[in-house]
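# take this sequence and fold it.
(4 chains)
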2 protein chains.
Amino acid sequence: MPVQTLLQHFNTITPLSLAAQAALKQCLYLERYPKKTMIQQQHRPAQHIFIVHTGLVRSFYTHNDKEITASFGTPGCMVCAMSSLLSYEPATYSIETLEESELFYMEFAAMEALYDAHHDLERLGRMMITQYYLDQEKELKAIRFQSSEQRYQTLLNLQPELLQRAPLGHVASYLGITPETLSRLRARY
Amino acid sequence: MPVQTLLQHFNTITPLSLAAQAALKQCLYLERYPKKTMIQQQHRPAQHIFIVHTGLVRSFYTHNDKEITASFGTPGCMVCAMSSLLSYEPATYSIETLEESELFYMEFAAMEALYDAHHDLERLGRMMITQYYLDQEKELKAIRFQSSEQRYQTLLNLQPELLQRAPLGHVASYLGITPETLSRLRARY
DNA sequence: TGCACTTTTTGATTTATATCAAAAAATGAG
DNA sequence: CTCATTTTTTGATATAAATCAAAAAGTGCA
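Now for the predicted structure:
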């Protein structure tokens, strides 16, 4: 039963009471989506948090009519239009599956309602956003101080399969470089 | 009584019970520091959160032996070695006053202890780190998509006084450019 | 008040990566 | 399977900003 695995995972972030776990479980759904399904549309209110169970998704936004990949989601990853959920404004991010995927989802509003009733879930929320902050800080420093080549190599070390499974253009914008530059980097390993 | 103003400010972020306010008040201290005082040293454990009451401070880290200004703190700003507080690792950030300043400070450990006792303070913590996340996201996009000149002009619009009060080199690294480039930008307004 | 030291300015050169352009390869619908 | 469309590769050129270098201006201490 996969929901149980997910709760287990949350429990390692911060211990959750049985009541909190039960309440959370009530709000979590698992669904299968075909390849190339848009599960969150730009300009519509962001409502859901997704957690990848199987498959591959990406979140992206547009800048000067170009799609910029913000993140890839592999099993275990939480993917959502974070800034829109947090600010309650229409989403600037879209999310789509790149492969057939099974995703947990829950209403963000439901999560917020649970915060009121369960102090430990509020703590979970705090710790998760904290982790997002720390990861983003790393990303900021990578963009500022590392060359295209260094960022490419980091990805190659940490998630080599992404370069096979995701189109080059998506990976390029994720790394903050043009497809041409990534193609050339790849040519000389 | 300035602590009262600060509590008021927190109250606008999320409503705090009187008990929570009283507990928080117990942990808050106000102190005056002369210009150029290091209030947080790199490599030492980060222990405090500072909130600027008067004056000007900056937080910075070193990269390739160069100091990089991470943020400036003006009255109302919270300044801390955030990532070290959150990760419990020795600070990679230093913090110093650029002018004589009055700062509120509190032990981060005390804040964490208060989280256990006061759900509403945990919420305050969650909402504050959330705001940090959203601000950092803006910064990341500015670095990725805006030119030096655009970032300079944004600063000029939002905090023109910083260019008078902080040394050019500090502002340059804050903007992610070299002092030479900033000097040239400034020359042609 | 003068002198060492630091910061800022100005100029010349280099460089990484974007942009523009077009060919080659891959993909997918009918 | 075939053709249209999209993606990737390859090449030539442009450019913003870094780097290197040195002069000028500013700062503070003795």
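# what about residue A:134, how many residues nearby?
16 (other C-beta atoms under 10 Å in any protein chain shown). C-beta coordinates here come from the backbone N, C-alpha and C atoms, glycine included.
# just checking, it touches residue B:85?
No: checked against C-beta atoms under 8 Å, the pair residue A:134 and residue B:85 is beyond contact range at 10.8 Å.
# so what sits opposite the spatially most central residue of chain A in the bridge?
The centroid of chain A falls nearest to residue A:79 when counting by C-alpha atoms, centre = their mean (2.7 Å). Assessed by DSSP bridges, residue A:79 has beta-bridge partners residue A:50.
# residues touching it, list them.
Applying C-beta atoms under 8 Å, 6 or more residues apart in numbering or on different chains to residue A:79 gives the contacts A:50-52, A:57, A:59, A:71, A:73, A:95.
# redo that, cut-off 7 Å
A:50, A:52, A:57, A:59, A:71, A:73, A:95 (C-beta atoms under 7 Å, 6 or more residues apart in numbering or on different chains).
# likewise for residue A:47?
With C-beta under 7 Å, 6+ apart, residue A:47 has these contacts: A:107-108.
# cool, the one 4 residues further on as well?
Contacts here follow C-beta under 7 Å, 6+ apart; on that basis residue A:51 touches A:6, A:78, A:103-104.
# and it, how far is that from residue A:3?
10 Å (C-beta to C-beta, to the nearest Å).
# likewise for residue A:182?
38 Å.
# and if you look at residue A:116?
22 Å.
# for the worst-scoring helix or strand of chain A on mean pLDDT, packing partners?
None of the helices or strands of chain A scores lower by mean pLDDT, DSSP states H and E than helix A:82-87, at a mean of 86. The contact analysis (3 or more C-beta pairs under 7 Å, 6 or more residues apart in numbering or on different chains; DSSP states H and E) places helix A:82-87 against helix B:119-145.
# now for the helix it packs on, which elements pack on it?
Applying 3+ C-beta pairs under 7 Å, 6+ apart, one finds that helix B:119-145 makes contact with helix A:82-87, helix A:119-145, helix B:2-13, helix B:18-27, helix B:108-117.
# so it, near DNA strand D or not?
No: Helix B:119-145 does not reach DNA strand D (C-beta under 7 Å from any atom of the strand); its nearest approach is 10.2 Å.
# quick check: buried residues in that helix?
Residues B:119-130, B:132-134, B:136-137, B:139-140 are the ones in helix B:119-145 that count as buried (16 or more other C-beta atoms under 10 Å in any protein chain shown).
# again, but for stretch A:60-78
A:60-61, A:68-74, A:78.
# excluding chain neighbours, give the residue nearest to the residue in chain A that chain B sits nearest to in space.
Chain A approaches chain B most closely through residue A:126 (3.8 Å), counting by C-beta to the nearest C-beta. Counting by C-beta to C-beta, 6 or more residues apart in numbering or on different chains, residue A:126 lies nearest to residue B:126, which is 3.8 Å off, once chain neighbours are set aside.
# OK, contacts around that neighbour?
Counted by C-beta under 7 Å, 6+ apart, residue B:126 has contacts A:122, A:125-126, A:129.
# which strand residues bridge residue A:61?
If you apply DSSP bridges, the partners that residue A:61 bridges to are residue A:68.
# what about it, distance to residue B:67?
Here residue A:61 is placed at a distance of 32 Å from residue B:67 (C-beta to C-beta).
# one more: residue A:149?
26 Å.
# pLDDT value on the residue of chain A closest to chain B, please?
Residue-level confidence at residue A:126 comes out at 97, pLDDT.
# kindly report the same for residue A:117.
96.
# that one - nearest residue in space that isn't next to it in sequence?
residue A:23 (6.8 Å).
# residue A:11 now?
residue A:21 (7.7 Å).
# with residue A:49 instead?
residue A:80 (4.6 Å).
# equivalent analysis for residue A:185, please.
Nearest one to residue A:185, counting by C-beta to C-beta, 6+ apart, is residue A:152 at 4.9 Å.
# give the buried residues for the helix or strand where that neighbour lies.
Here residue A:152 sits within helix A:148-158, counting by DSSP states H and E. Neighbour counts over helix A:148-158 (16+ other C-beta under 10 Å) mark A:148, A:151-152, A:155 as buried.
# which member of the residues you listed is positioned nearest residue A:35?
residue A:155 (22.2 Å; C-beta to C-beta).
# ok, that closest one - contacts?
When contacts are counted by C-beta under 7 Å, 6+ apart, residue A:155 touches A:162, A:175.
# how about residue A:103, secondary structure?
strand (DSSP: H, G, I helix; E, B strand; the rest coil).
# shouldn't it be in contact with residue A:50?
Yes: applying C-beta atoms under 7 Å, one finds residue A:103 in contact with residue A:50, separated by 4.7 Å.
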